[in-house]
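Colleague: Structure for the following, please:
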Amino acid sequence: MTHTYNIQGMTCGGCKASVEKYLGNVDKVTRVVVNLEKSEAEVMMSSHVDIETLQKALPDKYALTEKENKNVFQMTSQTIDGAKEKSKLQQLQPLLLILFYIVTASLLMHYNNWNGNAVMLDFMGLFFIVFSFFKMLDLKNFPESFRMYDPLAKRIQFYSWIYPFIETALGLMFLMRFEIEIALVATLIILSITTVGVTKTLLDKKSIRCACLGTALKLPMTEATFIENAIMIVMAIVMLT
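Modeller: Just a heads-up that it's a prediction; the model follows:
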């Protein structure tokens, strides 16, 4: 018999291999096939193994739930699309809330003395500081998630480790008005590289976790990730020109 399970917490090929190993060692399990992109695992058994036993065999970072088999003929396409859209908005709520606070703070800092350039510089500074903070919360696991889509991080692993510190440095440079041109050029380069990877992931319709807020918050890779990077890139270009 074969059962399909959803598994949350997998971020890389190493996670896939670990899940296959741990589940494969469970008694009566004959074979395990993990699909990293779908966050699924097909488990073949000689006789039934309950889900509690399978979950206990996995490290705490992985959450295993049985995949529901829905009858698509009982659901209209409108209902399906609506459910997906609602789920996406709910998942992106932390990101949208953080961006709202950053925008609000940037505007309020110049409420009495309006300066468009200063607002953009403070937005970029706060953006980098806040986003690097969330990456620092789980610095150990961030590189694995980041390497799944960033082209440079895939080739140079050290880059994925220092990326949160680069963001912190850029944030401080913008807020302190220190070497602004260097900070703008660096922003343009690193976010353009990341955006290439994000665009490829979206076009390939891969279902992976976005590392923009680290791994502490489980955010899906969506168009919102592309938009937030695009906003920063446009601001950098405007400031440079």
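Colleague: Burial check on residue 24, number of neighbours?
Modeller: Neighbour count of residue 24, defined by other Cβ atoms under 10 Å: 14. Using the backbone N, CA and C atoms, a C-beta is placed for each residue, glycine as well.
Colleague: begin at 411 from here
Modeller: In the new numbering, first residue 411, that becomes residue 434.
Colleague: quick one: it and residue 426, what's the gap?
Modeller: Computed as Cβ to Cβ, to the nearest Å, the residue 434 to residue 426 distance reads 12 Å.
Colleague: in the sheet, who's paired with residue 450?
Modeller: residue 416, residue 445 (DSSP bridges).
Colleague: next one: residue 454
Modeller: Applying DSSP bridges, one finds that residue 454 bridges with residue 412, residue 441.
Colleague: pretty sure it is touching residue 412, no?
Modeller: Yes - contact between residue 454 and residue 412 holds when scored by Cβ atoms under 8 Å: they sit 5.0 Å apart.
Colleague: neighbour-wise, which of the two wins?
Modeller: residue 454 (14 against 10).
Colleague: Enumerate every residue touching that one.
Modeller: Listed by Cβ atoms under 8 Å, 6 or more residues apart in numbering, the contact partners of residue 454 are 411, 412, 439, 440, 441, 442.
Colleague: Among the residues you listed, which one has the most neighbours?
Modeller: residue 442 (21 neighbours).
Colleague: Is it correct that that one is in contact with residue 429?
Modeller: Yes - between residue 442 and residue 429 there is a contact under Cβ under 8 Å: 7.3 Å.
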